[in-house]
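**Q** Need a 3D model of the sequence below.
(one chain, ligands or ions: 2)
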Amino acid sequence: MRVLVTGGAGYIGSHTVLQLLKSGHEVSVIDNFSNSSPESLRRVVELAGTGVNIANIDLLDEGRMQGELLRFRPEAVIHFAGLKAVGESVAQPLKYYRNNVAGTLNLLDAMDAAECRTLVFSSSATVYGESTELPLLESTPRSATNPYGRTKLHIEEMLEELAASDERWSIANLRYFNPVGAHESGMIGEDPQGIPNNLMPYVSQVAIGKRDAVQVFGNDYGTADGTGVRDYIHVLDLAAGHLAALDYLADSNGVNVWNLGTGSGSSVLEVIDAFARVSGRPVPYRITDRRPGDVAESYAHPEKARLDLGWKAERGLEQMVEDMWHWQEKNPDGFPDLDSNKLDPQELRNFVLGNSGEKKRPKKP
Ligand code: NAD
Ligand code: UFG
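**A** Residues are numbered from 1 along each chain as shown. Ligands and ions are numbered 1, 2, ... in the order given. Have a look, this model is predicted:
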(Lines give C-alpha, C1' and ligand atoms only; values in the text may rest on other atoms or scores of the structure.)
(Ligands and ions follow the chains in the order given, each with its own letter.)
Protein backbone atom coordinates (compact mmCIF):
# COMPACT_ATOMS: atom_id res chain seq x y z
CA MET A 1 0.00 0.00 0.00
CA ARG A 2 1.17 3.59 -0.59
CA VAL A 3 1.26 5.15 2.89
CA LEU A 4 1.99 8.80 3.57
CA VAL A 5 3.41 9.41 7.05
CA THR A 6 3.41 12.92 8.51
CA GLY A 7 5.96 13.41 11.29
CA GLY A 8 7.71 10.23 10.14
CA ALA A 9 11.16 11.43 11.26
CA GLY A 10 10.01 11.73 14.88
CA TYR A 11 10.17 9.21 17.71
CA ILE A 12 7.04 7.12 17.09
CA GLY A 13 6.97 7.93 13.37
CA SER A 14 10.47 6.57 12.65
CA HIS A 15 9.71 3.23 14.36
CA THR A 16 6.44 2.97 12.45
CA VAL A 17 8.03 3.84 9.09
CA LEU A 18 10.54 1.04 9.68
CA GLN A 19 7.75 -1.50 10.27
CA LEU A 20 5.82 -0.24 7.24
CA LEU A 21 8.89 -0.65 5.01
CA LYS A 22 9.61 -4.10 6.42
CA SER A 23 6.03 -5.11 5.67
CA GLY A 24 6.46 -4.08 2.03
CA HIS A 25 4.55 -0.79 2.03
CA GLU A 26 5.64 2.13 -0.10
CA VAL A 27 6.21 5.09 2.21
CA SER A 28 6.49 8.82 1.78
CA VAL A 29 7.30 10.99 4.79
CA ILE A 30 6.31 14.62 5.29
CA ASP A 31 8.24 16.34 8.09
CA ASN A 32 9.55 19.84 8.72
CA PHE A 33 12.22 18.48 11.13
CA SER A 34 11.13 20.97 13.80
CA ASN A 35 11.61 18.27 16.45
CA SER A 36 13.62 15.63 14.63
CA SER A 37 16.59 14.95 12.43
CA PRO A 38 16.74 13.41 8.94
CA GLU A 39 19.37 11.13 10.47
CA SER A 40 16.56 9.06 12.01
CA LEU A 41 15.23 8.29 8.54
CA ARG A 42 18.68 7.54 7.16
CA ARG A 43 19.01 4.93 9.89
CA VAL A 44 15.53 3.60 9.19
CA VAL A 45 16.53 3.11 5.56
CA GLU A 46 19.69 1.33 6.67
CA LEU A 47 17.72 -1.00 8.94
CA ALA A 48 14.98 -1.65 6.38
CA GLY A 49 17.32 -2.09 3.41
CA THR A 50 14.83 -0.19 1.30
CA GLY A 51 14.13 3.47 0.60
CA VAL A 52 11.61 6.05 1.58
CA ASN A 53 10.55 9.29 -0.06
CA ILE A 54 11.07 12.35 2.10
CA ALA A 55 9.37 15.72 1.66
CA ASN A 56 10.63 18.55 3.88
CA ILE A 57 7.24 20.26 4.13
CA ASP A 58 5.45 22.10 6.92
CA LEU A 59 1.84 21.00 7.46
CA LEU A 60 0.94 24.68 7.46
CA ASP A 61 2.15 25.09 3.86
CA GLU A 62 -1.19 24.35 2.19
CA GLY A 63 0.10 24.55 -1.38
CA ARG A 64 3.05 22.20 -0.92
CA MET A 65 0.92 19.78 1.12
CA GLN A 66 -1.60 19.52 -1.72
CA GLY A 67 1.20 19.17 -4.26
CA GLU A 68 2.83 16.30 -2.36
CA LEU A 69 -0.41 14.37 -1.85
CA LEU A 70 -1.38 14.78 -5.50
CA ARG A 71 2.09 13.59 -6.53
CA PHE A 72 2.32 10.57 -4.19
CA ARG A 73 -1.39 9.64 -4.31
CA PRO A 74 -1.39 7.78 -0.97
CA GLU A 75 -3.95 5.10 -0.24
CA ALA A 76 -3.73 5.89 3.48
CA VAL A 77 -2.17 8.51 5.75
CA ILE A 78 -0.69 8.07 9.24
CA HIS A 79 -0.63 11.47 10.90
CA PHE A 80 2.00 11.84 13.63
CA ALA A 81 3.12 15.41 12.96
CA GLY A 82 2.34 17.71 15.83
CA LEU A 83 3.81 19.54 18.79
CA LYS A 84 3.57 17.64 22.08
CA ALA A 85 5.11 19.55 25.01
CA VAL A 86 2.39 20.18 27.59
CA GLY A 87 4.21 23.05 29.39
CA GLU A 88 5.05 24.83 26.14
CA SER A 89 1.41 24.54 25.08
CA VAL A 90 0.35 26.40 28.22
CA ALA A 91 2.88 29.17 27.50
CA GLN A 92 2.14 29.35 23.75
CA PRO A 93 -1.37 28.02 23.14
CA LEU A 94 -1.83 29.63 19.70
CA LYS A 95 1.32 27.93 18.42
CA TYR A 96 -0.26 24.60 19.40
CA TYR A 97 -3.68 25.31 17.90
CA ARG A 98 -2.07 26.56 14.70
CA ASN A 99 0.39 23.72 14.28
CA ASN A 100 -1.78 20.83 15.46
CA VAL A 101 -5.34 21.85 14.56
CA ALA A 102 -4.76 24.08 11.51
CA GLY A 103 -2.02 21.70 10.32
CA THR A 104 -4.47 18.79 10.48
CA LEU A 105 -7.07 20.82 8.57
CA ASN A 106 -4.57 21.39 5.77
CA LEU A 107 -3.77 17.71 5.70
CA LEU A 108 -7.47 16.76 5.49
CA ASP A 109 -8.06 19.22 2.63
CA ALA A 110 -5.06 17.84 0.77
CA MET A 111 -6.26 14.26 1.35
CA ASP A 112 -9.70 15.12 0.03
CA ALA A 113 -8.19 16.72 -3.07
CA ALA A 114 -6.06 13.59 -3.65
CA GLU A 115 -9.08 11.35 -3.00
CA CYS A 116 -7.43 9.60 -0.08
CA ARG A 117 -9.84 9.33 2.83
CA THR A 118 -8.19 6.73 5.07
CA LEU A 119 -6.47 8.20 8.10
CA VAL A 120 -4.75 6.95 11.25
CA PHE A 121 -4.44 9.79 13.75
CA SER A 122 -2.07 10.02 16.77
CA SER A 123 -4.39 10.84 19.60
CA SER A 124 -3.47 10.45 23.24
CA ALA A 125 -4.66 9.23 26.60
CA THR A 126 -4.51 12.92 27.49
CA VAL A 127 -8.08 13.14 26.11
CA TYR A 128 -9.24 11.34 29.27
CA GLY A 129 -8.30 14.48 31.21
CA GLU A 130 -8.41 13.94 34.94
CA SER A 131 -10.71 10.94 34.79
CA THR A 132 -10.37 8.63 37.77
CA GLU A 133 -12.46 5.79 36.30
CA LEU A 134 -9.88 3.06 35.86
CA PRO A 135 -9.03 1.31 33.65
CA LEU A 136 -9.70 3.93 30.99
CA LEU A 137 -12.13 2.74 28.34
CA GLU A 138 -12.61 4.26 24.90
CA SER A 139 -16.06 5.29 26.13
CA THR A 140 -14.71 7.15 29.18
CA PRO A 141 -15.82 10.82 28.88
CA ARG A 142 -13.24 13.10 27.33
CA SER A 143 -11.87 16.38 28.65
CA ALA A 144 -8.67 18.40 28.47
CA THR A 145 -6.51 20.01 31.11
CA ASN A 146 -4.12 21.96 28.87
CA PRO A 147 -3.96 23.38 25.32
CA TYR A 148 -1.98 20.39 23.99
CA GLY A 149 -4.66 18.00 25.21
CA ARG A 150 -7.36 20.26 23.84
CA THR A 151 -5.79 20.16 20.34
CA LYS A 152 -6.11 16.34 20.44
CA LEU A 153 -9.70 16.59 21.63
CA HIS A 154 -10.60 19.16 18.95
CA ILE A 155 -9.01 17.05 16.24
CA GLU A 156 -10.86 13.91 17.40
CA GLU A 157 -14.14 15.86 17.28
CA MET A 158 -13.32 17.37 13.90
CA LEU A 159 -12.62 13.90 12.50
CA GLU A 160 -15.92 12.58 13.88
CA GLU A 161 -17.82 15.43 12.20
CA LEU A 162 -15.96 14.91 8.95
CA ALA A 163 -16.73 11.17 8.87
CA ALA A 164 -20.38 11.86 9.74
CA SER A 165 -20.62 14.27 6.79
CA ASP A 166 -19.09 11.94 4.21
CA GLU A 167 -19.15 8.17 4.58
CA ARG A 168 -16.13 7.68 2.33
CA TRP A 169 -13.83 8.57 5.26
CA SER A 170 -12.32 5.75 7.29
CA ILE A 171 -10.50 7.02 10.37
CA ALA A 172 -8.72 5.59 13.41
CA ASN A 173 -8.12 7.68 16.50
CA LEU A 174 -5.36 5.84 18.36
CA ARG A 175 -5.07 6.91 21.97
CA TYR A 176 -1.50 6.21 23.05
CA PHE A 177 -0.67 5.76 26.70
CA ASN A 178 3.01 6.38 27.58
CA PRO A 179 5.32 5.43 24.69
CA VAL A 180 8.86 4.47 25.73
CA GLY A 181 11.70 2.18 24.60
CA ALA A 182 13.56 2.06 21.33
CA HIS A 183 14.34 -0.24 18.41
CA GLU A 184 16.37 -3.25 19.60
CA SER A 185 19.28 -2.24 17.32
CA GLY A 186 19.84 0.90 19.39
CA MET A 187 19.98 2.86 16.11
CA ILE A 188 16.73 4.80 16.50
CA GLY A 189 15.02 6.03 19.63
CA GLU A 190 13.65 9.08 21.39
CA ASP A 191 15.90 12.14 21.17
CA PRO A 192 14.37 14.87 23.32
CA GLN A 193 15.69 18.39 22.77
CA GLY A 194 16.82 20.10 25.98
CA ILE A 195 15.57 18.93 29.37
CA PRO A 196 13.24 15.96 28.91
CA ASN A 197 9.64 16.58 30.01
CA ASN A 198 8.84 12.91 30.44
CA LEU A 199 9.97 10.49 33.09
CA MET A 200 11.74 7.74 31.12
CA PRO A 201 14.06 9.90 29.02
CA TYR A 202 14.91 11.88 32.16
CA VAL A 203 15.75 8.75 34.14
CA SER A 204 17.82 7.51 31.22
CA GLN A 205 19.85 10.75 31.17
CA VAL A 206 20.46 10.46 34.93
CA ALA A 207 21.68 6.88 34.49
CA ILE A 208 24.12 7.95 31.75
CA GLY A 209 25.39 10.78 33.96
CA LYS A 210 24.03 13.76 31.99
CA ARG A 211 21.77 14.85 34.85
CA ASP A 212 22.25 14.63 38.61
CA ALA A 213 19.04 13.19 39.97
CA VAL A 214 15.46 12.43 39.04
CA GLN A 215 12.84 14.63 40.67
CA VAL A 216 9.96 12.42 41.73
CA PHE A 217 6.85 14.57 41.48
CA GLY A 218 5.06 13.58 44.67
CA ASN A 219 4.99 10.44 46.83
CA ASP A 220 1.67 11.08 48.53
CA TYR A 221 -0.71 9.77 45.85
CA GLY A 222 -3.11 6.98 46.72
CA THR A 223 -0.98 4.40 44.86
CA ALA A 224 0.94 1.43 46.27
CA ASP A 225 4.19 3.38 46.84
CA GLY A 226 2.64 6.86 46.70
CA THR A 227 4.19 7.84 43.33
CA GLY A 228 2.37 8.32 40.00
CA VAL A 229 1.41 5.23 38.00
CA ARG A 230 1.36 5.14 34.19
CA ASP A 231 0.77 2.59 31.45
CA TYR A 232 4.15 2.52 29.67
CA ILE A 233 4.05 0.95 26.23
CA HIS A 234 7.01 -0.12 24.09
CA VAL A 235 7.29 2.00 20.95
CA LEU A 236 7.60 -1.16 18.81
CA ASP A 237 4.28 -2.46 20.13
CA LEU A 238 2.80 0.96 19.48
CA ALA A 239 4.13 0.98 15.90
CA ALA A 240 2.61 -2.48 15.33
CA GLY A 241 -0.76 -1.08 16.44
CA HIS A 242 -0.64 1.37 13.53
CA LEU A 243 -0.17 -1.39 10.98
CA ALA A 244 -3.05 -3.33 12.53
CA ALA A 245 -5.26 -0.24 12.36
CA LEU A 246 -4.35 0.30 8.68
CA ASP A 247 -5.47 -3.25 7.88
CA TYR A 248 -8.74 -2.72 9.71
CA LEU A 249 -9.49 0.58 7.97
CA ALA A 250 -9.22 -1.01 4.54
CA ASP A 251 -12.65 -2.64 5.12
CA SER A 252 -14.44 -0.11 7.26
CA ASN A 253 -15.69 3.43 7.33
CA GLY A 254 -16.50 6.05 9.93
CA VAL A 255 -14.37 6.71 13.00
CA ASN A 256 -12.89 3.97 15.16
CA VAL A 257 -11.18 4.65 18.45
CA TRP A 258 -8.65 2.37 20.11
CA ASN A 259 -6.60 2.65 23.28
CA LEU A 260 -3.02 1.54 22.72
CA GLY A 261 -1.68 0.58 26.13
CA THR A 262 -0.67 -2.55 27.99
CA GLY A 263 -3.46 -2.42 30.57
CA SER A 264 -1.14 -2.30 33.55
CA GLY A 265 0.71 0.50 35.25
CA SER A 266 4.15 1.08 36.76
CA SER A 267 5.02 3.65 39.41
CA VAL A 268 7.78 6.25 39.16
CA LEU A 269 9.85 4.35 41.73
CA GLU A 270 9.40 1.07 39.82
CA VAL A 271 10.71 2.78 36.67
CA ILE A 272 13.72 4.17 38.54
CA ASP A 273 14.46 0.74 40.05
CA ALA A 274 14.20 -0.99 36.69
CA PHE A 275 16.64 1.51 35.13
CA ALA A 276 19.16 1.15 37.94
CA ARG A 277 18.98 -2.66 37.62
CA VAL A 278 19.24 -2.81 33.84
CA SER A 279 21.97 -0.18 33.50
CA GLY A 280 23.95 -1.25 36.55
CA ARG A 281 24.31 2.48 37.30
CA PRO A 282 23.05 4.42 40.29
CA VAL A 283 19.91 6.48 39.63
CA PRO A 284 19.69 9.04 42.43
CA TYR A 285 16.33 10.68 43.00
CA ARG A 286 14.65 13.15 45.32
CA ILE A 287 11.00 13.59 46.17
CA THR A 288 9.58 17.00 45.24
CA ASP A 289 6.10 18.54 45.07
CA ARG A 290 3.45 17.11 42.79
CA ARG A 291 3.51 18.46 39.22
CA PRO A 292 0.35 20.52 38.58
CA GLY A 293 -2.14 18.74 36.34
CA ASP A 294 -0.81 15.21 37.00
CA VAL A 295 -3.25 12.42 37.86
CA ALA A 296 -2.33 9.70 40.35
CA GLU A 297 -2.91 6.80 37.99
CA SER A 298 -3.59 6.21 34.32
CA TYR A 299 -3.82 2.89 32.52
CA ALA A 300 -5.75 1.53 29.60
CA HIS A 301 -8.44 -1.01 29.17
CA PRO A 302 -6.78 -2.50 26.05
CA GLU A 303 -9.43 -5.11 25.13
CA LYS A 304 -11.08 -3.25 22.26
CA ALA A 305 -7.85 -3.19 20.26
CA ARG A 306 -7.34 -6.89 20.95
CA LEU A 307 -10.84 -7.82 19.82
CA ASP A 308 -11.04 -5.55 16.76
CA LEU A 309 -7.43 -5.49 15.60
CA GLY A 310 -6.01 -8.69 17.02
CA TRP A 311 -3.32 -6.44 18.54
CA LYS A 312 -1.89 -6.49 22.01
CA ALA A 313 1.27 -5.14 23.58
CA GLU A 314 3.86 -7.91 23.90
CA ARG A 315 6.75 -6.24 25.73
CA GLY A 316 6.99 -5.55 29.47
CA LEU A 317 8.73 -2.84 31.49
CA GLU A 318 12.06 -4.72 31.63
CA GLN A 319 12.27 -4.89 27.83
CA MET A 320 11.27 -1.22 27.49
CA VAL A 321 14.05 -0.17 29.85
CA GLU A 322 16.64 -2.49 28.27
CA ASP A 323 15.97 -1.13 24.79
CA MET A 324 15.89 2.45 25.98
CA TRP A 325 19.21 1.97 27.78
CA HIS A 326 20.79 0.34 24.73
CA TRP A 327 19.77 3.38 22.62
CA GLN A 328 21.04 5.79 25.31
CA GLU A 329 24.42 4.05 25.60
CA LYS A 330 24.96 3.93 21.85
CA ASN A 331 23.81 7.53 21.36
CA PRO A 332 24.60 9.45 24.56
CA ASP A 333 23.89 12.74 22.77
CA GLY A 334 21.02 11.49 20.63
CA PHE A 335 21.17 11.97 16.88
CA PRO A 336 23.92 14.24 15.53
CA ASP A 337 23.23 17.95 15.89
CA LEU A 338 19.99 18.95 14.18
CA ASP A 339 21.29 22.00 12.33
CA SER A 340 24.59 20.69 11.09
CA ASN A 341 22.86 17.53 10.05
CA LYS A 342 20.01 19.18 8.20
CA LEU A 343 20.34 18.24 4.59
CA ASP A 344 18.85 20.07 1.69
CA PRO A 345 16.11 18.18 -0.13
CA GLN A 346 18.33 17.36 -3.13
CA GLU A 347 20.95 15.83 -0.88
CA LEU A 348 18.29 13.83 0.92
CA ARG A 349 17.02 12.42 -2.34
CA ASN A 350 20.52 11.18 -3.08
CA PHE A 351 20.74 9.41 0.25
CA VAL A 352 17.25 8.08 0.49
CA LEU A 353 15.78 6.82 -2.71
CA GLY A 354 12.22 5.85 -3.41
CA ASN A 355 11.22 2.21 -2.99
CA SER A 356 12.15 1.39 -6.52
CA GLY A 357 15.75 2.44 -5.88
CA GLU A 358 18.41 -0.15 -5.13
CA LYS A 359 21.09 2.18 -3.80
CA LYS A 360 21.52 2.67 -0.08
CA ARG A 361 23.11 5.63 1.61
CA PRO A 362 26.89 5.72 1.29
CA LYS A 363 28.76 4.34 4.31
CA LYS A 364 30.64 6.90 6.44
CA PRO A 365 34.37 6.72 5.69
P1 NAD B 1 8.02 13.77 17.80
O2 NAD B 1 8.12 15.21 18.14
O3 NAD B 1 9.22 12.91 17.98
O4 NAD B 1 7.50 13.60 16.31
C5 NAD B 1 6.64 14.53 15.68
C6 NAD B 1 7.22 14.85 14.31
O7 NAD B 1 6.34 15.80 13.66
C8 NAD B 1 8.61 15.50 14.38
O9 NAD B 1 9.46 14.85 13.47
C10 NAD B 1 8.36 16.95 13.96
O11 NAD B 1 9.48 17.50 13.31
C12 NAD B 1 7.15 16.80 13.05
N13 NAD B 1 6.31 18.00 12.95
C14 NAD B 1 5.80 18.75 13.96
N15 NAD B 1 5.07 19.77 13.46
C16 NAD B 1 5.14 19.67 12.10
C17 NAD B 1 4.62 20.44 11.03
N18 NAD B 1 3.91 21.56 11.23
N19 NAD B 1 4.89 20.05 9.76
C20 NAD B 1 5.62 18.94 9.53
N21 NAD B 1 6.15 18.19 10.49
C22 NAD B 1 5.93 18.55 11.77
O23 NAD B 1 6.78 13.18 18.65
P24 NAD B 1 6.34 11.68 18.88
O25 NAD B 1 6.59 11.35 20.31
O26 NAD B 1 6.84 10.80 17.81
O27 NAD B 1 4.75 11.86 18.75
C28 NAD B 1 4.07 11.65 17.53
C29 NAD B 1 2.60 11.98 17.72
O30 NAD B 1 2.07 11.18 18.78
C31 NAD B 1 2.33 13.43 18.11
O32 NAD B 1 1.17 13.87 17.43
C33 NAD B 1 2.09 13.35 19.60
O34 NAD B 1 1.24 14.39 20.05
C35 NAD B 1 1.41 12.00 19.74
N36 NAD B 1 1.57 11.41 21.07
C37 NAD B 1 2.82 11.27 21.61
C38 NAD B 1 2.97 10.76 22.90
C39 NAD B 1 4.33 10.63 23.52
O40 NAD B 1 4.40 10.57 24.76
N41 NAD B 1 5.41 10.57 22.75
C42 NAD B 1 1.83 10.35 23.64
C43 NAD B 1 0.58 10.48 23.04
C44 NAD B 1 0.45 11.02 21.76
N1 UFG C 1 7.45 12.26 36.62
C2 UFG C 1 8.35 12.47 37.65
N3 UFG C 1 9.50 13.15 37.35
C4 UFG C 1 9.78 13.61 36.09
C5 UFG C 1 8.85 13.39 35.06
C6 UFG C 1 7.68 12.71 35.36
O7 UFG C 1 8.12 12.08 38.77
O8 UFG C 1 10.85 14.23 35.89
C9 UFG C 1 6.23 11.47 36.90
C10 UFG C 1 4.92 12.19 36.62
O11 UFG C 1 4.49 12.90 37.74
C12 UFG C 1 4.01 11.00 36.27
C13 UFG C 1 4.94 10.00 35.60
O14 UFG C 1 6.25 10.35 36.03
O15 UFG C 1 3.50 10.43 37.44
C16 UFG C 1 4.91 10.04 34.08
O17 UFG C 1 5.10 11.37 33.63
P18 UFG C 1 5.41 11.69 32.08
O19 UFG C 1 5.67 13.16 31.99
O20 UFG C 1 6.46 10.78 31.58
O21 UFG C 1 4.06 11.27 31.36
P22 UFG C 1 2.56 11.81 31.51
O23 UFG C 1 1.71 10.63 31.84
O24 UFG C 1 2.50 12.96 32.42
O25 UFG C 1 2.22 12.36 30.06
C26 UFG C 1 2.61 11.71 28.84
C27 UFG C 1 2.74 12.76 27.76
C28 UFG C 1 1.38 13.38 27.47
C29 UFG C 1 0.44 12.27 27.09
C30 UFG C 1 0.37 11.23 28.19
C31 UFG C 1 -0.50 10.09 27.76
O32 UFG C 1 3.64 13.79 28.17
O33 UFG C 1 1.50 14.28 26.41
O34 UFG C 1 1.67 10.74 28.48
O35 UFG C 1 -0.09 9.57 26.55
F36 UFG C 1 -0.78 12.81 26.91
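**Q** of all of this structure, which residue lies closest to ligand 2?
**A** residue 228 (2.1 Å; Cβ to the nearest ligand atom). For the C-beta atoms, the positions are set from N, CA and C on the backbone; glycine is no exception.
**Q** Ligand 2 contacts on the stretch 201-350 of the chain?
**A** For the stretch 201-350 of the chain, the contact set with ligand 2 under Cβ under 6 Å from any ligand atom comprises 202, 214-217, 228, 230, 268, 291, 294.
**Q** Can you say which helix or strand has residue 233 in it?
**A** Secondary structure from DSSP states H and E places residue 233 in strand 232-234.
**Q** and that strand, what other elements does it pack with?
**A** Secondary-structure packing of strand 232-234 (3 or more Cβ pairs under 8 Å, 6 or more residues apart in numbering; DSSP states H and E): strand 178-180, helix 317-330.
**Q** Name the stretch among those that sits most buried.
**A** strand 178-180 (a mean of 25; mean count of other Cβ atoms under 10 Å).
**Q** ok, which residues in this structure are in contact with ligand 1?
**A** So the chain meets ligand 1 at 7, 9-13, 30-36, 58-60, 80-84, 99, 103, 122, 124, 176, 179 (Cβ under 6 Å from any ligand atom).
**Q** Keep only the residues you listed that also lie close to ligand 2.
**A** 84, 124, 176.
**Q** mind checking how far the first one is from residue 179?
**A** Applying Cβ to Cβ, to the nearest Å, one obtains 10 Å for the distance of residue 84 from residue 179.
**Q** Run through the residues that contact the one residue in the chain that gets nearest to ligand 1.
**A** Of all residues in the chain, residue 10 sits closest to ligand 1, at 2.0 Å by Cβ to the nearest ligand atom. By Cβ atoms under 8 Å, 6 or more residues apart in numbering, the contact list for residue 10 reads 31, 35-36, 40, 80-81.
**Q** Residue 113 too?
**A** 66, 69-70.
**Q** Just the buried residues of the residues you listed.
**A** With neighbours counted by 16 or more other Cβ atoms under 10 Å, these contain buried members at 66, 69.
**Q** okay, the contacts of residue 113 in TSV with secondary structure, distance to residue 144 and pLDDT next?
**A** Compiled in TSV, those are given as follows (DSSP: H, G, I helix; E, B strand; the rest coil; distance: Cβ to Cβ, whole Å; pLDDT from 0 to 100):
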residue	secondary structure	distance to residue 144	pLDDT
66	helix	30	97
69	helix	29	98
70	helix	34	97
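**Q** between the contacts of residue 113, which is nearest residue 48?
**A** residue 69 (23.0 Å; Cβ to Cβ).
**Q** The closest one contacts residue 112, correct?
**A** No. Using Cβ atoms under 8 Å, residue 69 makes no contact with residue 112, being 9.3 Å away.
**Q** coming back round to it: out of the contacts of residue 10, list just those in strands.
**A** Secondary structure from DSSP state E places residue 31 of the contacts of residue 10 in strands.
**Q** Max pairwise distance over the contacts of residue 10: which two?
**A** Maximum distance among the contacts of residue 10 (Cβ to Cβ): 13.8 Å, for 40 and 81.
**Q** Which parts of the stretch 251-365 of the chain are helices?
**A** 268-279, 303-309, 317-330, 338-341, 345-351 (DSSP state H, counting those that start in this stretch).
**Q** I'd like to know which of the ones you listed is closest to residue 170.
**A** helix 303-309 (13.3 Å).
**Q** Centre of the chain to that closest one, how far?
**A** Distance of helix 303-309 from its chain centroid, counting by Cα atoms, centre = their mean, to the nearest Å, is 20 Å.
**Q** which strands and helices sit next to it?
**A** helix 235-249, strand 254-260.
**Q** and residue 159, which of the ones you listed is closest to it?
**A** strand 254-260 (5.8 Å).
**Q** Could you tell me which strands that closest one is paired with, and in which direction each runs?
**A** Paired with strand 254-260 in the same sheet, following DSSP bridges, are strand 170-176 (parallel).
**Q** mind listing what's buried in the partner strand?
**A** Quick answer for strand 170-176 (16+ other Cβ under 10 Å): 170-176.
**Q** how about TSV for these, with pLDDT added?
**A** Below are the buried residues of strand 170-176 laid out as TSV (pLDDT from 0 to 100):
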residue	pLDDT
170	98
171	98
172	98
173	98
174	98
175	98
176	98
